[in-house]
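Enquirer: I need the structure of the sequence given here:
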Amino acid sequence: MRLRSGVFASSCLLVEALGVALFLRGFFPLPVRSLPRSEARRDPPAEPAPPGSGMVSNWTKIPPPLFKKVVIVLIDALRDDFVFGSKGKQFMPYTTQVIEKGTSHSFIAEAKPPTVTMPRIKALTTGSIPGFIDVIVNLNSPALLDDNLIWQAKTAGKRIIFYGDDTWVKLFPKHFVEYDGTTSFFVSDFTEVDDNVTRHLDRVLKREDWDILILHYLGLDHIGHMTGPNSPLVGPKLHEMDNILKKIHISLLSKEGESSLPNLLVVCGDHGMSETGNHGGSSEGEVHTPLLFISSAFEKRSGPLTQPKLVQQTDLATTLAVGLGLPISRNSVGNLILPVVGDKTMREQLRFLHLNGFQLSRLLQENTPAYEKDPGYEHFKIAEKSHGNWIKLYLDGNNSEILLNLGKKVLKQYLEALKTLSSSLSKQVAQYDMYSMLVGTVIVLEVLFLLLLITPKALSSRAEFEVPLSPPLFSLLFYLVCLMLCAVHVIVCTSAESLCYFCSMSWLTAVGVMVLISALMCGILSAIGKILESSRVPVKNPVVSNSSWSEVDVLILTGTIGHVLSLGASSFIEEEHQTWYFLINTLCLALCQELCRNYFLLKEGDPQHSITLKQSFDNVKEAYECKNIDIPAAGDSKLGKVTSSAEFIKGSDKWISLASPWIILICCRLLRSLNQTGVQWAHRPDFGHWLTSSEHKSELSFLAAVSLVMIFILVQRKCSLVSKIAMALGLLGVYSYRAAIGNIIFPWQHDSKDISKGITEARFVYVFVLGIVFTGTKDLLKSQVISADSSVKSIGLWEVYSGLVLLAALLFRPHNLPVLVFCLLIQTMMTKCIWRPLKFDAAQITIMHYWFGQAFFYFQGNSNGIATVDVSAGFVGLDSYVEIPAIFLTAFATYAGPLLWAIHLLCYLSSEVSSVFADDVILLVQCMGYEQPKCSKMWQYFSRP
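Expert: The predicted structure follows:
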């Protein structure tokens, strides 16, 4: 059966999507299984039974609460060095004093990636470790149905008040007796988003009708996204937070009576921020946050200040549950932070640790088939037995040193068991569904290999493929492969200890996937057989059909395959930018060699010239047949006379072309110095950090102005007059927007006190972006509906491309504008000096565009971690959070490099449709000795603009 290329490509795309979906389903690890809330409040276990008969502990209930009121102040993106470092001492004097000399316990809480807000709130309230799939639902958080601290508190009758990030309201609907949510995604707002929280404080702190108060401040996170952790705005914001903590602490102390329980103030961050101000990854600045417990129940600090101890962020949920007298969340993998309850009696401390260990061991039983062999479970049983011995001594009234020493020993055993149990449960999150991943990978690789085999046919003018539905040669192999795969499926699914998604599918679906894999394999073997068979057929014209591969062809093939293979190693994924930098640098060297060969080594009688001329003649003849134009045949003798009349490049153009790969190499080296990316070296200083520092604002302003001028020069050459004017005004608006928000300054400005959100300036630019894109779209429709003129289509595509360049200039931060300039410059040089002179085919040019697009993704400072996503780009010109525009603008700013190179590919291929044939005709007319009057139809058809 024969299929058109479009139908075949669509079918491959659908099968590819199936393989990718199956791979992702196995790649995103599932968390430990949740338990129903109805079972979450079962009676807690009693103390371990003492050995011997007739002795039973009388403590079977949950211990009473340790604190009367709890205030949780969550400061978004609060890094540990903002509190414990030099910034804390300078801008948070009251908090520093409480840490050093007050009644407090200080820790550094380690957050597990992904370090974005919604998964971190889940970790803080449930004690579980959310997976990376939670990043996807971070934009629209559904209600949290797992057992959690907030639900336990509400069920126990605690009155909870919340102000701040509305993510809490979405996660815990109908849990708060009073709340006021603020939008977390509008990162241009530094002040109002926090003022809307603080304005409730004076009134709430005077009231007594609440038990838990939660405050989530977003201003520091927004400052980080917009200007980074070294911004001059960070200090005043930290000082504002310090004053708020002072007010809360003094108010809590004033409400404590002699007979009442003490109050507790908890200060924490959900995540930190990287050196660029973003978050989501696993760098130290992103995962380390301060955790402070401040209460009069603790002893005052004395002696020298020590480095805060490292704890897990999930430990907070367990510690607060104990402090509030609530059951520990059933899905929690956190440990009790012992210093918080360190002033309690030994029996109380052991009771708290036993409850924590019992909860972790039960969770392990429900998620691990061989739980009894787990070291943590074994340690817990040993500690539980020792605890029973201690209870026996305690109930006997033994108050000697033996009881104290045994209690300390049991305490140590419990802590060791809790640590091991927590580690075992945390590893559950990283257990991937390898079988589903393997099946998905096989499908993807089979489709890619099949596409690679038929690529030469796909580039022909009449691309059709013979699809062997039932080749007799491979029919037996097809059934054998199906049977073998089904047998493997049965063995894997019946022997796997953990659940597998692919095994949970119906047998009919699984067999269908096996049939698909077998059919793809047979199709690949059939295609390989046809290629081998055709290679044995002798050719009629060995000169013309000689198709030896050049160094560029070999590099493109090996580089693409090598990159795909490199994705099998996590280190290559983390530092993928190094792979692309190497490939494009090597490509430039190969292109330089190709240019030297074409300009200096090829002679008049070389077969390569004859091949080029023969192919040009064939192209022209095919086009004329479509237009019913007759042209005489051209013999090889006429083709051989071309050299003197049709040189490829004359004069200085040749030397410019030879220099272009080296200029591109220099541009790429400069771009590498602009932004450090990846994981291993992302923390190192780069030129971008130097430019964005406050003392170099003048240099950044000059660079931004020069870059915008260069963008106009490089883009306007193919635009209409109206689009040129719109582009100039739009680029002026880009500079005005960045000056309005304080990133850069005008020459007549001496300071940046009048900082605004730049909404008017940004919308001014959006008007011109839409106008240019609309003009280009109108030309595209005109070329498709009214006239079939390819030049109108090329102009329309270029104007759409110009509008997107203007949009990218608006969304890029000022120090990244040179990335856009070099992108346009390299595209211009490659078009004029390399692709056209060397006459590369569509496949080669497409892969080169892909390579450069991927490299420019990393030149922007992006990486494969979500920490480098510039969220602030999604709010340029918006005065409130609007989901669809924010998502579109953020995605466009992140993938601007690959998108601009992809659209430039369309522009280039469209412009070459007519120009290539025109060049071929002029060349052939000259070599065949025709005069212009005798070929009027030829010249009229191919000399159109």
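
Enquirer: The stretch 301-450 of the chain: strands as residue ranges?
Expert: For the stretch 301-450 of the chain, the strands defined by DSSP state E, counting those that start in this stretch cover 309-312.

Enquirer: same question, the chain
Expert: Using DSSP state E, the strands of the chain run over residues 2-4, 70-75, 104-110, 160-165, 178-182, 212-217, 264-268, 288-294, 309-312, 464-466.

Enquirer: can you list these in CSV and add mean neighbour count, distance to Val513 and mean pLDDT?
Expert: In this view, the C-beta of every residue, glycine as well, is placed from N, C-alpha and C. Shown next, in CSV, are those (neighbours: other Cβ atoms under 10 Å; distance: least, Cβ to Cβ, whole Å; pLDDT from 0 to 100):
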stretch, mean neighbour count, distance to Val513, mean pLDDT
strand 2-4, 12, 22, 63
strand 70-75, 24, 45, 97
strand 104-110, 22, 40, 95
strand 160-165, 24, 42, 95
strand 178-182, 18, 44, 91
strand 212-217, 24, 45, 96
strand 264-268, 24, 46, 97
strand 288-294, 25, 44, 96
strand 309-312, 16, 40, 95
strand 464-466, 15, 23, 56
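
Enquirer: For my notes, please list those strands in JSON lines and give distance to Glu16 for each entry.
Expert: What follows is the strands of the chain, written out as JSON lines (distance: least, Cβ to Cβ, whole Å):
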{"stretch": "strand 2-4", "distance to Glu16": "16"}
{"stretch": "strand 70-75", "distance to Glu16": "42"}
{"stretch": "strand 104-110", "distance to Glu16": "38"}
{"stretch": "strand 160-165", "distance to Glu16": "38"}
{"stretch": "strand 178-182", "distance to Glu16": "41"}
{"stretch": "strand 212-217", "distance to Glu16": "42"}
{"stretch": "strand 264-268", "distance to Glu16": "44"}
{"stretch": "strand 288-294", "distance to Glu16": "40"}
{"stretch": "strand 309-312", "distance to Glu16": "39"}
{"stretch": "strand 464-466", "distance to Glu16": "16"}
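
Enquirer: got any ranges where the stretch 201-350 of the chain has weak pLDDT?
Expert: Along the stretch 201-350 of the chain, the model assigns pLDDT under 70 to residues 258-259.

Enquirer: any idea where the helices of it begin and end?
Expert: Using DSSP state H, counting those that start in this stretch, the helices assigned to the stretch 201-350 of the chain run over residues 201-205, 219-227, 234-255, 284-287, 315-324, 346-367.

Enquirer: Ala49: which of these is closest?
Expert: Proximity to Ala49 (Cβ to Cβ) singles out helix 346-367 among those, at 11.8 Å.

Enquirer: so which of the helices of the stretch 201-350 of the chain comes closest to Ser794?
Expert: Evaluated with Cβ to Cβ, the helices of the stretch 201-350 of the chain place helix 219-227 nearest to Ser794, the distance being 39.1 Å.

Enquirer: quick revisit: Ser863: which of the strands of the chain is closest?
Expert: strand 288-294 (19.5 Å).

Enquirer: Give the other helices and strands that the closest one contacts.
Expert: Applying 3 or more Cβ pairs under 8 Å, 6 or more residues apart in numbering; DSSP states H and E, one finds that strand 288-294 contacts helix 80-84, helix 93-101, strand 104-110, strand 264-268.

Enquirer: That one to helix 93-101, inter-axis angle?
Expert: Comparing the axes of strand 288-294 and helix 93-101 via axes from the mean of the first three to the mean of the last three Cα atoms, to 10 degrees yields an angle of 80 degrees.

Enquirer: shift numbering so it begins at 882
Expert: Sure thing, new numbering starts at 882, so read that last one as strand 1169-1175.

Enquirer: And the contacts of strand 1169-1175?
Expert: Outside strand 1169-1175, the residues within contact range by Cβ atoms under 8 Å, 6 or more residues apart in numbering are 959-961, 963-965, 976, 979-980, 983-992, 1130, 1145-1153, 1189, 1192, 1194, 1197, 1200, 1218, 1221.

Enquirer: quick one: which of the helices of the stretch 1082-1231 of the chain is nearest Lys1181?
Expert: Once the helices of the stretch 1082-1231 of the chain are compared by Cβ to Cβ, helix 1115-1136 is nearest, at 13.2 Å.

Enquirer: Flag every buried residue along the closest one.
Expert: Neighbour-count burial for helix 1115-1136 flags 1115, 1118-1123, 1125-1127, 1129-1130, 1132-1133 (criterion: 16 or more other Cβ atoms under 10 Å).

Enquirer: and if you look at stretch 1640-1651?
Expert: Buried, per 16+ other Cβ under 10 Å, within stretch 1640-1651: 1640, 1642-1643, 1645-1647, 1649-1650.

Enquirer: just how off-centre is that stretch within its chain?
Expert: 28 Å (Cα atoms, centre = their mean, to the nearest Å).

Enquirer: what does stretch 1735-1747 give?
Expert: That offset, for stretch 1735-1747, works out to 10 Å (Cα atoms, centre = their mean).

Enquirer: for stretch 1092-1111, same thing?
Expert: The answer for stretch 1092-1111 is 21 Å, by Cα atoms, centre = their mean.
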